[in-house]
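Peer 1: Predicted coordinates and the sequence they were generated for:
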Amino acid sequence: MLYEFGNCTVDAGKRLLTRDRKPVPLAPKTFDLLLFLIESGGRALSKAELMQALWPDCFVEEANLSFQVSTLRKALGEQGAAWIETVPKHGYRFAGTVGQKETRVEARPGWVKWAAAAGLAAAAAFGFVLMHNGPAQQGAAAPSVTPLTAYPGMQIQPSLSPDGSHVAFSWNGPNEDNFDIYVKLVGPGEPVRLTSHPAREIAPAFSPDGRQIAFLRFSSAEQASIILIPALGGGVERKVTEIELSKVRSLAGLAWTADGKHLVFGGADHEGNGEGGLHVVSIEGSETRRITTPPAGLYDSMPAFSPDGRSLIFVRKPAPGFGDLYLQPLKNGLEPDGHSIAMTTDQIPVLAAAWLSNRRIAYSVGLAQVVRRLRFFDVASGKWQAAGFGEGASGLSASGNGTFVYARESQDANLWQFDMLDGQARPQRIAPSRYQNWTPAISHDGRRIAFASTRSGLEEIWVAGADGSHPFQLTRIGSGHVANPRWSPDDRALVFNAWTPRSDLYSVDVNDGSVNRLTDDPADEGEPSWSRDGKWVYFGGNRTGRLEVYRIPAVGGPMIQLTRNGGLHAEESVDGKWLYYSLKPGSPASLWRVPRGGGEGTPILEDLSYSTNFMPVEKGIFFIAGSGGSDARAAIEFFDFATAKRSVVRSLERPFTYGIALSPDQRSLVHGLMDNASSNLMLVENYR
């Protein structure tokens, strides 16, 4: 269908806007907005209606809609403000006079066909009816959602007692110095502290009779003990067993069997057997055996039993990477009844799940806190529906009386600039916001900085002056997760990766914002970088089933595998002879090198805080050293090629995040730090 108004023509089939017969480039969301307004026949559309149409099942702020409207008006020219009319205290309407013409092209827009093909491919690959996920019919009126805790710091991983009267949770306390186990009434009243051990304690779980609470006490970054304590305090604690945690230990959790005699955990037993799967252990510590066996490189965590005990749900994910919700049918005696079944396959990360009934599951999805939401899933139909609430949701727990609790997280991560010549100079925060800002990259002329930010409501690529001044949004992918920008050698383009829904590589022209897709296959590609001559793009990809380093021509083309022992983010040496790369994802990581053309890898150093947190220079490598996750402290260090020794440049006072950028003169370094992280518990009632 062709729509004509004024000097403009819109081709819905080709998704093309022309003004004065000249093409006008529009981002996908901007074109969607234009088409939705035109096809509404002049009806006044509320802001809520427009936001739901543009970002279904995704929380965005009203400012994101305002930005799209402003962008569209500019694209339409002098009459844009008149055609896109503001309806005060309501929304917008299209006020132009529109003529219509039929076109012979009846195919759906390309992005719709691509999405449909991707969905069919996923269904065929897994071969099960539950793969066909999609929004179910909207439920009844929204339930009551109120804060249950409002203490300082982080209250995480709630567990409701069987009768729904109490909630146990992990809290880093009023001084925000250590995670311990607490319990409180579901309602007014202060929490009761149950533990005071100096080690980190998380993942509390009420026993089926409500008398005991099991939890994890860390003895190292990868090892923990399962501990039992009386639910209301005052008794003696007892250690069940020691376990080795899964590589996704940030999602560690415990689940009781219905008879109260066993616990299920994700990881390996005390002898290191069965890493990656779910295990069941007797509370007497005398029996440990495996329940699930995921493919190599994947890890199962966050288990939860159905009320009838016949099914076990859990999150299966790589480390790091997106997790999906799985279901394991069970026989009597906790024996697996067939293979584990994927409940979700849309590559939107699942963090936790809880059974509301034997048929219905609540689960949290989304990466950044500003776009994380709750969904309800019907096991019988394989359909999900948006809950309509649950922003920032992570851990959650349900009882049988129509009540559940979830932890609502909020993070404020910013970019900080460090003076590399004066160790006493105070770091400067640049381009700050109240949301997440990370994966920085400084242009080769030293005048601009690119970074990923969620300040628009969805994670996109932003560009600012080198001092953080005048930030503006460069991409409008709209998928919710766009990150890892890197400048081309001539500073005209940025390469980055975005999940749509799998992770692919893109480049964007910095001057006009036009986007070019570089990869489009069933595998994930991420954390790209440029070769020094600008002819190649390096990246990590999992097309073999394991992350390896690849390269492709900068204009797109066939992939060439460069590593054989694993690899993710890679940076070319200054002389162009070597590739330095992180061997595996996660924290801590190790740094290796391989000849530029590929070959045998050689280890360089350990204790790399994250895969993207290093940058080679002529005489060595600057990197962020640290381990343990987002709550761990770290330091900027330098590895000297001549001496093969490392030295501390300066310590970091806040938890590290992702990415490192170095100015061309090496006088300043930019890195993301967690300025603030908080989490409180939310009570949901009458959700049926």
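Peer 2: The structure has been received and is ready for your questions.
Peer 1: Tell me where the stretch 1-150 of the chain is predicted with low confidence.
Peer 2: Applying pLDDT under 70 to the stretch 1-150 of the chain picks out residues 27, 57-61, 63-64, 102-142.
Peer 1: Contacts only, for the closest residue to residue 6 other than its chain neighbours.
Peer 2: The shortest distance from residue 6 to any non-neighbouring residue, by CB to CB, 6 or more residues apart in numbering, is to residue 79 (5.5 Å). No exception for glycine: its C-beta is placed from N, CA and C like everyone else's. Contacts here follow CB atoms under 8 Å, 6 or more residues apart in numbering; on that basis residue 79 touches 6-7, 96.
Peer 1: Could I get the full set of strands for the stretch 101-250 of the chain?
Peer 2: In the stretch 101-250 of the chain, the strands defined using DSSP state E, counting those that start in this stretch lie at 144-147, 155-160, 166-171, 180-185, 192-193, 201-206, 212-218, 223-230, 238-245.
Peer 1: any chance of the ones you listed in JSON lines, plus mean neighbour count?
Peer 2: Conversion of the strands of the stretch 101-250 of the chain to JSON lines gives the following (neighbours: other CB atoms under 10 Å):
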{"stretch": "strand 144-147", "mean neighbour count": "12"}
{"stretch": "strand 155-160", "mean neighbour count": "26"}
{"stretch": "strand 166-171", "mean neighbour count": "26"}
{"stretch": "strand 180-185", "mean neighbour count": "22"}
{"stretch": "strand 192-193", "mean neighbour count": "14"}
{"stretch": "strand 201-206", "mean neighbour count": "25"}
{"stretch": "strand 212-218", "mean neighbour count": "23"}
{"stretch": "strand 223-230", "mean neighbour count": "20"}
{"stretch": "strand 238-245", "mean neighbour count": "18"}
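Peer 1: So what does the closest residue to residue 503 other than its chain neighbours have for phi and psi?
Peer 2: Nearest residue to residue 503 in three dimensions, chain neighbours excluded: residue 524, at 4.2 Å (CB to CB, 6+ apart). Torsion angles at residue 524 (phi, psi; degrees, to the nearest 10) stand at phi -100, psi 140.
Peer 1: Hmm, residue 542 and residue 524 touching each other?
Peer 2: Yes: using CB atoms under 8 Å, residue 524 is in contact with residue 542, at 5.2 Å.
Peer 1: Now list whatever residues contact both of those two.
Peer 2: In contact with both residue 524 and residue 542: no residue, using CB under 8 Å, 6+ apart.
Peer 1: follow-up on the earlier one: measure the residue nearest to residue 6 to residue 95 for me?
Peer 2: The spacing between residue 79 and residue 95, counted by CB to CB, to the nearest Å, is 10 Å.
Peer 1: swap in residue 287?
Peer 2: 72 Å.
Peer 1: Tell me which of those two has more neighbours.
Peer 2: Taking other CB atoms under 10 Å, residue 287 and residue 95 do not tie; residue 95 has more neighbours (16 against 12).
Peer 1: isn't the more buried one right next to residue 83, touching?
Peer 2: Yes: the criterion here is CB under 8 Å, and residue 95 meets it with residue 83 at 5.8 Å.
Peer 1: Overlap of the contact sets of those two?
Peer 2: With CB under 8 Å, 6+ apart, residue 95 and residue 83 have no common neighbours.
Peer 1: if I read this right, residue 186 contacts residue 165, doesn't it?
Peer 2: Yes: using CB under 8 Å, residue 186 is in contact with residue 165, at 5.9 Å.
Peer 1: what is in contact with those two at once?
Peer 2: Joint contacts of residue 186 and residue 165 (CB under 8 Å, 6+ apart) do not exist.
Peer 1: who has more neighbours, these two?
Peer 2: For residue 186 versus residue 165, the count of surrounding residues by other CB under 10 Å is larger for residue 186: 21 against 14.
Peer 1: Could you check how far the more buried one is from residue 578?
Peer 2: In terms of CB to CB, residue 186 sits 58 Å off from residue 578.
Peer 1: now do residue 572
Peer 2: When residue 572 is compared with residue 578 (using CB to CB), they lie 7 Å apart.
Peer 1: One more: residue 207?
Peer 2: From residue 207 to residue 578 the distance is 55 Å (CB to CB).
Peer 1: my read: residue 8 touches residue 22, true?
Peer 2: No: using CB under 8 Å, residue 8 makes no contact with residue 22, being 10.4 Å away.
Peer 1: what's the burial count for the nearest residue to residue 152 once chain neighbours are set aside?
Peer 2: Distances taken as CB to CB, 6+ apart place residue 174 nearest to residue 152, at 5.9 Å, with adjacent residues excluded. If you count neighbours by other CB under 10 Å, residue 174 ends up with 9.
Peer 1: Then residue 41?
Peer 2: Burial of residue 41 is recorded as 9 neighbouring residues (other CB under 10 Å).
Peer 1: how would you label it: helix, strand or coil?
Peer 2: On the three-state scheme (DSSP: H, G, I helix; E, B strand; the rest coil), residue 41 is labelled coil.
Peer 1: Can you name the residues that contact residue 215?
Peer 2: Contacts of residue 215 (CB under 8 Å, 6+ apart): 170, 181, 195, 201-205, 226-227, 229, 254.
Peer 1: and residue 572 and residue 578? which has more neighbours close in?
Peer 2: Between residue 572 and residue 578, counted using other CB under 10 Å, residue 572 has the larger neighbour count: 21 against 18.
Peer 1: I figured residue 560 hits residue 549, correct?
Peer 2: No: Residue 560 is beyond contact range of residue 549, at 9.8 Å (criterion: CB under 8 Å).
Peer 1: Between these two, tell me which one has more neighbours.
Peer 2: Using other CB under 10 Å as the criterion, residue 560 and residue 549 rank with residue 549 on top: 28 against 14.
Peer 1: ok, how many other residues are close to the nearest residue to residue 205 once chain neighbours are set aside?
Peer 2: Nearest non-adjacent residue to residue 205, counting by CB to CB, 6+ apart: residue 254, 4.3 Å away. As a burial measure, residue 254 scores 24 neighbours (other CB under 10 Å).
Peer 1: Give me the pLDDT for residue 254.
Peer 2: At residue 254, the pLDDT value in this model is 95.
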